[in-house]
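Novice: prediction below, plus the sequence it came from.
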Amino acid sequence: MPMVHRPTSIEDLCAVFQRMGSERRILRGGGTQFADDCERDGDVTQVVDLSTLDGVIEHRAGDLVVRARAGTTIDVLQRELADRGQRWPLGVAASDRSTLGGLLATDARSARTLRYGRARDWVLGSTLVRSDGKAVRAGGSVVKNVSGYDLTKLYIGSFGSLGALVEVSLKLDPLPESTRVLRMELADLPNSFAELYRPRTTLSAALERDHLVHLLFEGTMAAVDRDVREVTAALPRATLEPTPERFDRRGPCFGAAWLRLRIELPLRAESTLLPSLRASVKPAAFEAHLGCGVAWLVWPEPATAAAREILARATQLSASHGAWTAVEMSAEPLDALPGPHPATLLELNDRIKRAFDPDGLLPPGPLRAQAPRPRVRA
Amino acid sequence: MNDRGALLAALGAIFPPDRLILEPEQLLTYECDGHTLERALPSAIVIPTSTAEIQETLRVCHERAVPFVARGTGTGLSGGALALDGAVVIALTLLDRILSIDVANRSAVVQPGVINARLSRAAAPHGLCYAPDPSSQGACTLGGNVAENSGGPHTLKYGVTTNHVLGLELVLPDGELLRLGSENGSSPGYDLRGVLIGAEGTFGIVSEITVRLTPLAPAVATFLAVYDSIDAACETVSAIIGGGTVPAALELIDHVGIVAVESHLKVGYPLDAQAVLLIELEGSELEVDAAAERTVALCREHAAREVRRAASAEERAALWKGRKQALGALGRLAPAYYTLDGVVPRARVPEAIRRIGEIGAKHGLRIANVCHAGDGNMHPLILFDPEKEGEVDRVHQAGEAILRMCVELGGALSGEHGIGIEKRELMPLCFSADDLAQMMRVRDCFDPETRCNRGKIFPTGAPTPTSQLPRRVGGWM
């Protein structure tokens, strides 16, 4: 059994890292993506649980800015912000357990990217504790800032390979006055989402999952009502969901899977590549954040084909549309970001890794990592 | 042949004479950018017309261990384009093609020398625009915007450059070519594009940029709110933001600025006002109407003596002309001015303005405020006469005092102009030695010999070069 450390403060975490010396270690947040139902780096015996470093430090509502410890769960953060009519606009499914640090380290995606962009667009600054126990700060708590390098961008999607994210400053948005969700069969959508999508409306997200599409509208009462009316006039089979506040719970769901691929695609390729992937790669489950350029192909149970064959098919099809593929989980050993990658890009990624963690005490960087494996079920 | 002779011969093998500038009087044109308090002469200027020529130039510099710096149109306000240590300047102004506009992907691919406003004009027929709009957008280049992570009035709602760049092509200091980011903005591996944007050209030379284009808003409402008290204007700003409305732009001009603008541009700002707010709301018609009602009510609650809504595109353009050309107008009030770029938390703007006034009085200098109040980005303009004994020194002292105050209030040294050479010695106010060392380690990953825009961002302890007194100067923000 690995030894699990639960630091009580940033200073304590620095001391824990220093005491570990040259022992390799992995970091965990809420355990929604990795720690609970998958294995990484089987021989690592030291686990640092960062969910104990939690709590909102300062919510400056007049500035639309919050400073929080990275172990804060998304629900706790949002509840505190909602008290003053604000929110961080990107949600995730397991928000009761997902931590801010985990969300950022894995660059967990929100379907609200359609209207709000990515996590990287809503983080203003950070504190990271390196594997040698030194804390480094970058950015700040103001909405515009070009004072020094924006190191925080490197941490988002770094999978804990550069250090432990312990504190972040976030940009906020006012809570919408009204939220509604329309649900429809995928077959009831026009040929492509692009035909339906009108930018600058209150449509915040469009989630496709298991042949269903959920459209999320957020804004003033009058504007949401008008947009919902317009869409239902065009798509009469669309129905209003009774519990729109549960939209984020719909996914993406990151439970253990035999194979889970993420496809990163240009917007222009959505109308052609998504149907091709569904038809010719035939995932057991399919999910897409429409209008955001991201989709997931999931096989909860072993498929008849080998995982690497499925990956090869998906990669080939994607590449012909200017898209690329990431392996989020695989029972067979596969690279997390299958190449080929240009040698210069690999070298630069390696250098960045060494600039933070020269002795390789934390997990390898995303281009060098193996996809996590689902735990063998008893 | 001496070192310089050999370097020039090697550059001469790449560039025809009309794209290799060596004459001292021509080099003088490049001795500073929009920040004129410091100057340095480059050893040569090259003007490439292809990525291959950038690569060849960097290979020549690499072999000879020569520093280099990329330059757009020189509108920068922190001395970021200064060629220190006899650096070669690589002027990117001829790499000015919009390579493609992809409407279905809402993106464009451009060369670094494309002027910011030109891209929005080219995208407009498709109902799209490039959102970051620095006040220098008619002159500044997108490559320069990437280097400085430039903002502009409308970044309040839409974000700054980094929020709109999907991918980049980068020439590393040894001449190697690399693509960063991707067409949907995700990066395989670390987000190197993210750390490069705003790195002030210290990682290499960006030779191509893929940007996200933003759909034009169906409805726009522009207001001028007029105040007899600057405090009341500032308090309105906090009330609007904290009250749940994020306007597209929220700008403040104080009395000195108003007088300058009105005397020269005649856009209709009341001459006796202590401050005006320029407020722009964008979105669907229903949303704009609702936000307009709330905003006008808040202005009146906070003692605006007049709230005027632009009734036509011409009126809107006139209101904006006053703001975007405010610096030019202020330039007429004094032989020179110095523009600062500190940021404070937006709720502290009233206090910041008060303290800027006190600092001006203490140093005997007139300071105008033209700021992006909505995001706390202060642009105090210190008016001065470089011919007056000791005045330049007092300008430096007042500038430093203002930036110290911004940091003290929880802000930052720069919101959109960058640290450059101007503020490098002040970086320890914001960051510890460990923080700065980490940043330098990241720089070393790209540029291990520190030849790429050397002498910028990080404190050196050395005095900055001030070869001559500033001549009449201009600038934007």
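Specialist: Alright, I've got the coordinates. Residues are numbered from 1 along each chain as shown, chains lettered A, B, ... in the order given.

Novice: quick one: pLDDT of residue 89?
Specialist: In the absence of a named chain, chain A is used. We have a pLDDT of 96 for A:P89.

Novice: chain B is the one I meant
Specialist: At B:V89, pLDDT is 98.

Novice: find the nearest non-adjacent residue to the residue in chain B positioned nearest to chain A, please.
Specialist: Across chain B, the shortest distance to chain A (CB to the nearest CB) belongs to B:G194, at 2.7 Å. Yep, even glycine has a C-beta here, placed from its N, CA and C like the rest. Nearest in space to B:G194, with sequence neighbours left out and distances taken as CB to CB, 6 or more residues apart in numbering or on different chains, is A:K153 at 2.7 Å.

Novice: dump the strand or helix carrying that neighbour to CSV, restricted to CA.
Specialist: Here A:K153 sits within helix A:152-155, counting by DSSP states H and E. Provided in CSV are the C-alpha atoms of helix A:152-155 (Å, rounded to 0.1, in the frame of the first residue of the first chain):
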residue,chain,number,x,y,z
THR,A,152,0.2,29.1,-14.8
LYS,A,153,-0.6,28.2,-18.4
LEU,A,154,2.1,25.4,-18.2
TYR,A,155,0.4,23.9,-15.1
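
Novice: for the helix or strand following that helix, packing partners?
Specialist: Per DSSP H and E, the first helix or strand lying C-terminal to helix A:152-155 is strand A:164-171. Identification of packing neighbours for strand A:164-171 by 3 or more CB pairs under 8 Å, 6 or more residues apart in numbering or on different chains; DSSP states H and E yields helix A:10-20, strand A:65-69, helix A:100-105, strand A:123-129.

Novice: so which residues lie in contact with strand A:164-171, not counting its own?
Specialist: A:10, A:13, A:17, A:27, A:48, A:50, A:53, A:57, A:64-71, A:88, A:100-101, A:104-105, A:121-129, A:135, A:139-141, A:143, A:152, A:155 (CB atoms under 8 Å, 6 or more residues apart in numbering or on different chains).

Novice: which parts of the stretch 1-150 of chain A are strands?
Specialist: Under the criterion DSSP state E, counting those that start in this stretch, the stretch 1-150 of chain A contains strands at A:3-5, A:25-28, A:38-39, A:46-49, A:56-60, A:65-69, A:86-87, A:123-129, A:135-139.

Novice: ok so, going back, the residue of chain B closest to chain A contacts B:S187, doesn't it?
Specialist: Yes - in terms of CB atoms under 8 Å, B:G194 counts as a neighbour of B:S187; the distance is 7.4 Å.

Novice: could you pull out the helices for the stretch 51-200 of chain B?
Specialist: Per DSSP state H, counting those that start in this stretch, the stretch 51-200 of chain B carries helices over the ranges B:51-64, B:116-123, B:142-148, B:155-158, B:192-196.

Novice: the residue nearest to B:A326 when sequence neighbours are not counted and B:A347, how far apart?
Specialist: Setting aside the residues directly before and after it, B:A326 is nearest to B:V370 in space (CB to CB, 6+ apart), at 4.7 Å. B:V370 sits 20 Å away from B:A347, going by CB to CB, to the nearest Å.

Novice: ok, B:L172 next?
Specialist: In terms of CB to CB, B:L172 sits 42 Å off from B:A347.

Novice: what subset of the contacts of strand A:164-171 is also close to chain B?
Specialist: Near chain B, judged by CB under 8 Å from any CB of the partner chain, the entries from those are A:L64, A:V65, A:D121, A:A135, A:G140, A:S141, A:V143.

Novice: which of those has the largest number of neighbours?
Specialist: A:V143 (28 neighbours; other CB atoms under 10 Å in any protein chain shown).

Novice: which strands and helices sit next to the least confident helix or strand in chain B by mean pLDDT?
Specialist: Every helix and strand of chain B was ranked by mean pLDDT, DSSP states H and E. The lowest is helix B:326-330, at a mean of 85. With contacts defined as 3+ CB pairs under 8 Å, 6+ apart, helix B:326-330 has these neighbours: helix B:255-265, strand B:336-339, strand B:366-371, strand B:380-384.

Novice: select, out of these, the one closest to B:V60.
Specialist: strand B:336-339 (35.6 Å; CB to CB).

Novice: strand partners (parallel or antiparallel) of that closest one?
Specialist: When pairs are called by DSSP bridges, strand B:336-339 turns out to pair with strand B:380-384 (antiparallel).

Novice: kindly export the partner strand (C-alpha atoms) in PDB.
Specialist: Backbone C-alpha positions of strand B:380-384 (Å, rounded to 0.1, in the frame of the first residue of the first chain) are rendered in PDB as follows:
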ATOM      1  CA  PRO B 380      -1.600  57.700 -15.800                       C
ATOM      2  CA  LEU B 381       0.100  60.000 -18.200                       C
ATOM      3  CA  ILE B 382       2.900  62.100 -16.700                       C
ATOM      4  CA  LEU B 383       3.200  65.300 -18.700                       C
ATOM      5  CA  PHE B 384       6.700  66.900 -18.700                       C
END
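
Novice: if we look at that strand, which residues are touching it?
Specialist: Strand B:380-384 is contacted by residues B:256-257, B:327, B:330, B:333-340, B:342, B:356, B:360, B:365-371, B:391-392, B:394-395, B:398-399, B:402 when judged by CB under 8 Å, 6+ apart.

Novice: check the offset of that strand from the chain's centre.
Specialist: In terms of CA atoms, centre = their mean, to the nearest Å, the centre of strand B:380-384 is found 17 Å from the chain centre.

Novice: after it comes which helix or strand?
Specialist: Next along the chain from strand B:380-384, counting by DSSP H and E, comes helix B:391-408.

Novice: list the helices and strands that following helix packs on?
Specialist: Checked by 3+ CB pairs under 8 Å, 6+ apart, helix B:391-408 has helix B:349-362, strand B:380-384 packed alongside it.
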